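A.B. asks: model this:
(chains A, B and C, ligands or ions: 3)
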Amino acid sequence: MPGKVHIHTLINNQPTDFLCEPRQSLLECLRDTLNLTGTKEGCNDGNCGACTVLMDGRPVTSCLVLGVEAQDAAITTIEGVAKGNTLHPLQQSFLENAALQCGICTPGFILAAKALLDQEPDPSEERIRFYLANNLCRCTGYDKIIRAVQDAAARMREEARA
Amino acid sequence: MKWFDYAAPKTMAEATGLLAGGGSAHLLAGGTDLIVQLRTGRKLADVVVDVKKIPELNEIRLNSGGLTLGASVPCYRIYGDKDVRRAYPALAEVANLIGGTQIQGRASIGGNLCNAAPSADAIPLLIAMSARCRVAGPGGTREIAVEDFCVAPGKNCLAPGELLVSISIPAPKPGSGAHYLRFIPRNEMDIAVAGVGAWVEMSNGTIRSARVALASVAPTPLFVREAGEFLAGREANEDNLRQAGEMARVLAKPITDMRGPAEYRRQLCAVLTRRALEAAVAQAKGTN
Amino acid sequence: MSTQYSVIGTRPVRHDGADKVTGRAIYGADFQMAGLLHGVILRSPHAHARILSIDTSKAKAYPGVQAVVTADDFPEAPDKMVDLGEGETPLSHIRGNVLAKGKALYRGHAVAAVAAASLHDAEEAVKLIDVQYEVLPCALTAPDAMKDGAPILHESMRTKELGQKTDRVSNVAEHFRHVLGDIGAGFAEAEAVVEREFNTSTVHQGYIEPHAATALWNNDGRVLVWCSTQGSFVVRDATACVLDIPVSQVKVTPTEIGGGFGGKIPVYLEPVAAILSKQTGRPVKIVMTRRDVFEGTGPTPGCYMKVKIGARKDGTITAAQAYLAFEAGAYPGAMVGPAGMTVFAAYDIPNVTIDGYDVVVNKPSTAAYRAPGAPNAAFATETLIDELAEKLGMDPIDFRLKNAAKEGTRRADGPKFRKIGCVEVLQAMKAHPHYSAPLGGPNRGRGVAIGFWFNVGLQSSCTIAVNTDGHVNLVEGSTDIGGTRTSIAMQAAEVLGIPVEQVQPVVEDTDAVGYTAVTGGSRTTFATGWAAYEAAQDVVRQMKERAAKLWAIEPAAVQAERGVFSSNGHSITFKDLATKLATTGGPVVGRATVNPRGVGGSFAGCIADVEVDPETGKTTVLRFTSVQDAGRAIHPSYVEGQMQGGSVQGIGWALNEEYWMNPQGTMVNSSLLDYRMPTALDLPMIETKIVEVPNPGHPFGVRGVGEANIVPPLAGLANAIYHAIGVRMNRLPMNPPAILQALWDKK
Ligand SMILES: Cc1cc2nc3c(=O)[nH]c(=O)nc-3n(C[C@H](O)[C@H](O)[C@H](O)COP(=O)(O)OP(=O)(O)OC[C@H]3O[C@@H](n4cnc5c(N)ncnc54)[C@H](O)[C@@H]3O)c2cc1C
Ligand code: FES
Ligand code: FES
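C.D. replies: Numbers count the residues shown, from 1 in each chain, chains lettered A, B, ... in the order given. Ligands and ions are numbered 1, 2, ... in the order given. Got it, this is the predicted structure:
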């Protein structure tokens, strides 16, 4: 059996090297090799969005990315969203709006929503719903998630103005 | 998953060399079909060849001759491109409809085509827009119409060692419009129960020519030439569009499966064809 | 909101929040340990088959494989009845579902398992296990399984008929009947009668986190388990039973849990991981795939129902009759019992007969799902109620109000209601602006429905230790699926008179906390909250003693009010008193255990607006309002969250979700793509109206709120569809082809 492949990436702004088998998904590499278990697995086939990470700024389902494809890529996982001890506005507004119940979907939602708000500071409700349709939540019925994203967007616009 | 090797060639020559290398090689674009298929054992690979680093497969080129879309360009780049959005709004919409945001961050139109699923959303639109495939292989390159590309569920016409380089779509004619409409029970993240790609070219309120193709109602995406021929030279009124829909209903060859009964799918063909044509006509009139 | 409380009714940020938004919280599959092996389970490809032989030799020889096990690796133990907190079950059924013995009873039934260092190797090796099956015909629906000559799942099972054991061999595990009054006379009195048949499909809870468990058979003989479960003590007791070891030999540490809705009560993986660990001496982790979850865990039953209701012209319901045949899946225990308890519970009906059939079929063994059985039943009742209201020319809410159950109403299954909020829920629905808002377009309709869930009490334990800084540590055993740590801590904080941020709640393992039943039955905020209330009272009592000691007076002379202890002239805050514990007798730990009886049932209602595309049959939910009696909303955001989540699960169940089975008994749509749970784009905001009719059986008036909200939407949407396009849907899901077919049939 051939050997593992050496991969060099930037994960949460930290140069990170790891070894992986070509058949391993990026999700497996993050969780099992790098112990970044904040990225969740709900389906392993691209449908639930729990495994969402940002790859060069784009949200992708890491279960449908091979670990070897991360070579030279910049990856953001949920562990890299807060700035030190300060929660990201999305994290804060998810908490204050009770946008999580079990919380398994939360990392994926926060990353997808972050990608949206990084590009579009004031999305409509419809736009948020459309953008987040690749993320399933079974607990909340989405209502409080949508409100949390709207609330975070307002906070981020406020911060940007300041 | 069984072990496989991984290669990411940077040139066409390297890629065709790898394909000629023997063993089972599978090309990887966005992987949103391929990785799932490898995982469930529907496909087995000795080597996975990542084509995203080959420049020809990764470019969007728009000029007076039309659009050349590299086979592995992911959907988000298509709808993120202002010029493409303006010239080919229906293509941008289809790219924005495959999967969801995350899937679109990876999935390519080339992959959608090569995967040759009867339900693939991009293919009927490509057929309706008279798109052509550029294919490279050991014997050089060739061109082929999209409607001739898929041969069976999950099977395309590529010979061993060949790969899809790009898809070209003719420059939009004045007075033309295109639209793709699919039916899914959810509003996103779903596989078409039926889908219709429609293209029309109008002059003075009459349809000069039209093309209609269907998704999910035959073993391959289905080009309904007859519907276009019927419409050519006729007024774009409700009656005629409805009749074109009825032709789609009759010519579709759906099966009953978990996504819907055959009769229901025929009904959808009729409704969606009419609606897609209406939208294409409206767009054509808007550009008149 | 009532001002009598300072913590209850507020909306604090949850204690486990920061961990859950930063990815630090450890869920079932996140658990890591040195030397971990990965387990993979082989599942039956057939819905019904005799297992002739299992040859594991090739799998054992696969590189990297450490162990392969089958049901034969479980200890031989005689069958017995065991009670895991929800009634008696034969051990052979629990065990047989964990690993099939002799026969595979459904597609996806676990047959064998492999452990290897690499998950990929384990996956490959499991394919090399050679199982010889004799494929048997299968029975997939209750009516089919009840037919004479139907394939029999359990040759040794005997039908229980109206409480009596019989010697009849059939797939009917039990037939029960509830009778109230005389339906013959009741229907004779009726001037309008409606009767219809209903069918619902199997649906899944759909939690996003697949089941995951790790077990280590330690060198001292103890079995250590880390898993995502709704009940760590259930896992402990079930694992011990299956492995035939004493319960204290098993320690279960619950991880965070990514949703359950009732589906994470049964054990599937833990005993298998344990025997794999026993054979290898290493910890073994097993994580289900999504397909495993669909095929191999417990969905909620599909059913066949025939229901009849009659009323007088003045709108008084005189009689109701229900025939309920529910699919248990492979082992008895369809949720037909609760269906029978709830089917007419919302109404005061003098003459009722309810027949329930618990029928085994070749589908996964069903489990609880949010008010299990009640949504199916209410789908039937509430669409008939709508039809009757129309026949009688009455407003559907007025018709319900006229017949609504109240304090003192007797249910057909026996109990009399104590104080309940059925009327108040209906009044709130009627008063809601949604109910009178214009619909604004063709092919639109509005439907209403209500539903009941009785909730459960069961045992809980809690301790509270006071820290010297005046904060307290609260130890409890209810795994937290939706913020219950906080709603429990809030009840303690209210008693102690301190801010909830000064209560640190932790969910502990089965060695560290007293017995606590499952997070389910809407019981956690109610019962574990009550335990916290009692434990906090215990703290207050002890703190009064300390204050008394300081002031050299009798403890009885000390008053405690909002965190201040006082006695004429003396006064000290909870915080200051906490600094003096060492000098007044040592640490203070309050403790309590409860097994409460005063469970208060919860009523919920919904108002749904839909638009139906008459050309495609597609339903769009335009507006949705959920109304529910919470008794007392401890944390209103979490109550709203339960209402919204339950409503949306109901919407999914109503419109698209189903196990699409082929005739061979294979679920064809076993992925999240094809199972079609609602996405954010499929829904409007879900409006909520919390009604508070305090439960006299709880110190703060709490009723559980986790479940009743999923009961109304199925019928609510069916009624809305009817009012939009004029067809009565009596089969779930009401998906686009079904609606179009109904329109075609009407023409
Ligand atoms: C969650 C989810 C939702 C989806 N929703 C939709 C949907 O709404 N509509 C829809 O149509 N599809 C959908 N799909 C399917 C899939 O995303 C699309 O078909 C997508 O366009 C495939 O593109 P890709 O780049 O990911 O292809 P890949 O998976 O990379 O490749 C697909 C196939 O084409 C072959 N291939 C790739 N590039 C070439 C090449 N240059 N030459 C020759 N062969 C090549 C591969 O070997 C493979 O067999 C969905 C998939 C998922 C996982
Ligand atoms: S785990 Fe990747 S999308 Fe579900
Ligand atoms: S909070 Fe549980 S899945 Fe979203």
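A.B. asks: can you tell me the helix or strand for residue B:169?
C.D. replies: strand B:163-170 (DSSP states H and E).
A.B. asks: same thing with residue C:123?
C.D. replies: Element membership for residue C:123, per DSSP H and E: helix C:119-126.
A.B. asks: who's in contact with the strand holding residue B:169?
C.D. replies: Contact with strand B:163-170 is made by B:12, B:15-16, B:19, B:27, B:51, B:56-57, B:59, B:65-71, B:88, B:91, B:109-110, B:113-114, B:126, B:129-137, B:141, B:146, B:158, as judged by CB atoms under 8 Å, 6 or more residues apart in numbering or on different chains. For glycine as for every other residue, the C-beta is placed from the backbone atoms N, C-alpha and C.
A.B. asks: now the helix or strand that comes right after the helix holding residue C:123: average pLDDT?
C.D. replies: Next in sequence after helix C:119-126, counting helices and strands by DSSP H and E, comes strand C:130-135. Strand C:130-135 shows a mean pLDDT of 98.
A.B. asks: so what strands line up beside strand C:130-135?
C.D. replies: Within its sheet, and counting by DSSP bridges, strand C:130-135 is paired with strand C:49-55 (antiparallel).
A.B. asks: show me which positions of the strand it pairs with end up buried.
C.D. replies: If you call a residue buried by 16 or more other CB atoms under 10 Å in any protein chain shown, then strand C:49-55 has these buried ones: C:49, C:51, C:54.
A.B. asks: just for chain B, where's the confidence low?
C.D. replies: For chain B, applying pLDDT under 70 flags the ranges B:287-288.
A.B. asks: do chain A as well
C.D. replies: Counting by pLDDT under 70, the ranges of chain A that qualify are A:1-2.
A.B. asks: how is it divided into domains?
C.D. replies: Annotated domains of chain A cover A:5-80, A:89-161 [automatic domain parsing].
A.B. asks: for the stretch 501-650 of chain C, what lies in contact range of ligand 3?
C.D. replies: Residues of the stretch 501-650 of chain C found near ligand 3 (CB under 6 Å from any ligand atom): none.
A.B. asks: pLDDT at the closest residue to residue C:396 other than its chain neighbours, what is it?
C.D. replies: Nearest-residue entry for residue C:396: residue C:389, 4.3 Å, with adjacent residues in sequence omitted and distances by CB to CB, 6 or more residues apart in numbering or on different chains. Per-residue confidence (pLDDT) for residue C:389: 98.
A.B. asks: what do you get for the one 10 residues further on?
C.D. replies: Per-residue confidence for residue C:399 comes out at a pLDDT of 98.
A.B. asks: wait, what's in contact with it?
C.D. replies: C:315, C:385, C:388-389, C:392.
A.B. asks: ok, residue C:423 next?
C.D. replies: Going by CB under 8 Å, 6+ apart, residue C:423 touches C:401, C:404, C:406.
A.B. asks: buried members of those residues into PyMOL, please.
C.D. replies: Here is the PyMOL command that picks out the buried ones among the contacts of residue C:423, judged by 16+ other CB under 10 Å:
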select buried, chain C and resi 401+404
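A.B. asks: can you count the residues close to residue C:79?
C.D. replies: When neighbours are defined as other CB atoms under 10 Å in any protein chain shown, residue C:79 has 12 of them.
A.B. asks: check whether the strand holding residue B:169 contacts ligand 1.
C.D. replies: Yes: Strand B:163-170 is in contact with ligand 1 by CB under 6 Å from any ligand atom, via B:163-164.
A.B. asks: in its sheet, what does that strand sit against?
C.D. replies: Partners of strand B:163-170 in the sheet, by DSSP bridges, are strand B:66-70 (antiparallel), strand B:132-137 (antiparallel).
A.B. asks: looking at those, which is buried most?
C.D. replies: strand B:66-70 (a mean of 23; mean count of other CB atoms under 10 Å in any protein chain shown).
A.B. asks: who's in contact with that strand?
C.D. replies: By CB under 8 Å, 6+ apart, strand B:66-70 touches B:56-62, B:78, B:84, B:87-88, B:91, B:109-110, B:134, B:165-171.
A.B. asks: about what we covered before: now the strand holding residue B:169: buried residues?
C.D. replies: In strand B:163-170, counting by 16+ other CB under 10 Å, buried: B:163-169.
A.B. asks: what comes up buried for whatever helix or strand comes next after it?
C.D. replies: Downstream of strand B:163-170, the next assigned helix or strand under DSSP H and E is strand B:176-183. Of all the residues in strand B:176-183, those buried under the rule 16+ other CB under 10 Å are B:176-183.
A.B. asks: also stretch C:546-566?
C.D. replies: Judged by neighbour count (16+ other CB under 10 Å), stretch C:546-566 contains these buried residues: C:546-548, C:550-551, C:558, C:560, C:563-566.
A.B. asks: try stretch A:16-29
C.D. replies: Using 16+ other CB under 10 Å as the test for burial, stretch A:16-29 gives A:16, A:18, A:20-29.
A.B. asks: just stretch C:59-67 next, same as before
C.D. replies: C:59, C:62, C:64-67.
A.B. asks: quick one: contacts for the closest residue to residue B:25 other than its chain neighbours?
C.D. replies: Counting by CB to CB, 6+ apart, residue B:47 is the residue found nearest to residue B:25 once chain neighbours are left out, at 4.9 Å. Counting by CB under 8 Å, 6+ apart, residue B:47 touches B:4-7, B:18, B:21, B:23-26.
A.B. asks: let me see the contact set for the closest residue to residue A:125 other than its chain neighbours.
C.D. replies: Setting aside the residues directly before and after it, residue A:125 is nearest to residue A:146 in space (CB to CB, 6+ apart), at 6.1 Å. Counting by CB under 8 Å, 6+ apart, residue A:146 touches A:125, A:128-129, A:132, C:680, C:685.
A.B. asks: tell me who's in contact with the nearest residue to residue C:131 once chain neighbours are set aside.
C.D. replies: Leaving aside its sequence neighbours, residue C:131 sits nearest to residue C:54 (CB to CB, 6+ apart; 5.0 Å). Shown in contact with residue C:54 (CB under 8 Å, 6+ apart): C:70, C:111-112, C:129-132.
A.B. asks: equivalent analysis for residue C:553, please.
C.D. replies: Residue C:553 sits next to C:567, C:570 when contact means CB under 8 Å, 6+ apart.
A.B. asks: okay, it: pLDDT?
C.D. replies: Note on residue C:553: pLDDT of 96.
A.B. asks: quick one: name the residues of the stretch 101-250 of chain B near chain C.
C.D. replies: B:183, B:185-191, B:193 (CB under 8 Å from any CB of the partner chain).
A.B. asks: now, among the residues you listed, which is nearest to residue C:615?
C.D. replies: residue B:183 (9.9 Å; CB to CB).
A.B. asks: ok, the residue sitting nearest the centre point of chain A to residue A:28 distance?
C.D. replies: With distances taken as CA atoms, centre = their mean, residue A:111 lies nearest the centre of chain A, 3.1 Å away. Relative to residue A:28, residue A:111 is positioned 18 Å away (CB to CB, to the nearest Å).
A.B. asks: flag every buried residue along stretch B:197-209.
C.D. replies: Buried-residue list, stretch B:197-209, by 16+ other CB under 10 Å: B:197-202, B:207-209.
A.B. asks: redo those as JSON lines? Include distance to residue C:123.
C.D. replies: As requested, the buried residues of stretch B:197-209 are exported to JSON lines (distance: CB to CB, whole Å):
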{"residue": "B:197", "distance to residue C:123": "39"}
{"residue": "B:198", "distance to residue C:123": "44"}
{"residue": "B:199", "distance to residue C:123": "45"}
{"residue": "B:200", "distance to residue C:123": "50"}
{"residue": "B:201", "distance to residue C:123": "53"}
{"residue": "B:202", "distance to residue C:123": "56"}
{"residue": "B:207", "distance to residue C:123": "55"}
{"residue": "B:208", "distance to residue C:123": "56"}
{"residue": "B:209", "distance to residue C:123": "52"}
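A.B. asks: chain C: which of those is nearest?
C.D. replies: Chain C lies nearest to residue B:198 out of these, by CB to the nearest CB, at 16.6 Å.
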